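Q: no FASTA, just this:
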């Protein structure tokens, strides 16, 4: 039987600690240096605080992954508000490349969590494709990007870039290849 009381909202300091842990973990996973003790120390909290917010490594990875996915997909509209569509596309691709790099540091934990059901299966591909479609449509309307390209095809091209450069870890090559992809998307 319910007591009728609403659950208490988290305290402001607890929310700040959680946000700081996610922020530090994002950088740690991207750098490949993701010990939980190191993350807690860098965030300025004790390991107990980390475990109160994220009882398992998988819970922290899932929170970081969700935050990264929200940022990369949400950035499409922000970039379109600031830049012409072709430039927004290139800037967004750079943001997506950073997302993929961060995901590499979490890949093993994500795969294991998805396989076991401990981490919810994301709808990453659909959300990424929708962000690309938003930019492509704005570019087609403005006449700066081709209107005959499917967002799914651009997503496949980007995955090819990221997979083909994963072993070499050379940002310069990724940058050159993303430039080529944008050039291919520009209207004649």
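A: On my side now, so go ahead. All figures in this text were calculated on a predicted structure; none of them were measured in a lab.
Q: How far away from the center of its chain is the lowest-mean-pLDDT helix or strand in the chain?
A: Least confident helix or strand, the chain: helix 107-116 with a mean of 80, by mean pLDDT, DSSP states H and E. On the basis of CA atoms, centre = their mean, to the nearest Å, helix 107-116 sits 16 Å off its chain's mean C-alpha point.
Q: tell me the secondary structure for residue 121?
A: coil (DSSP: H, G, I helix; E, B strand; the rest coil).
Q: before we move on, back to that, which residues touch the least confident helix or strand of the chain?
A: 57, 58, 61, 62, 65, 103, 118, 119, 121 (CB atoms under 8 Å, 6 or more residues apart in numbering). C-beta coordinates here come from the backbone N, C-alpha and C atoms, glycine included.
Q: The last one and residue 114, how far apart?
A: Taken as CB to CB, to the nearest Å, the spacing of residue 121 relative to residue 114 amounts to 5 Å.
Q: Neighbour count for the two, which is higher?
A: Remark: of residue 121 and residue 114, residue 114 carries more neighbours, 15 against 10, as counted by other CB atoms under 10 Å.
Q: Do a quick rundown of the helices in this structure.
A: 12-31, 36-43, 47-53, 57-82, 85-104, 107-116, 124-142, 151-165, 171-185 (DSSP state H).
Q: Where among these is average confidence lowest?
A: Comparing mean pLDDT across the helices of the chain, the weakest is helix 107-116, with a mean of 80.
Q: Next, the angle helix 57-82 makes with that one.
A: Put simply, helix 107-116 runs at 110 degrees to helix 57-82, going by axes from the mean of the first three to the mean of the last three CA atoms, to 10 degrees.
Q: Let the chain start at 55 from now.
A: Yes, from this point I'll number from 55; that puts the last item at helix 161-170.
Q: now helix 161-170 against helix 139-158, angle please.
A: Going by the same axes, to 10 degrees, helix 161-170 makes 80 degrees with helix 139-158.
Q: any idea what sits nearest residue 99, other than its immediate chain neighbours?
A: Residue nearest to residue 99 in three dimensions, not counting chain neighbours: residue 71, with 5.4 Å by CB to CB, 6 or more residues apart in numbering.
Q: Can you verify my assumption that that neighbour contacts residue 107?
A: Yes - counting by CB atoms under 8 Å, residue 71 does reach residue 107; the two are 6.8 Å apart.
Q: quick revisit: any chance of the contacts of helix 161-170 in JSON lines, plus distance to residue 192?
A: Shown next, in JSON lines, are those (distance: CB to CB, whole Å):
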{"residue": "111", "distance to residue 192": "39"}
{"residue": "112", "distance to residue 192": "37"}
{"residue": "115", "distance to residue 192": "33"}
{"residue": "116", "distance to residue 192": "31"}
{"residue": "119", "distance to residue 192": "27"}
{"residue": "157", "distance to residue 192": "26"}
{"residue": "172", "distance to residue 192": "38"}
{"residue": "173", "distance to residue 192": "33"}
{"residue": "175", "distance to residue 192": "30"}
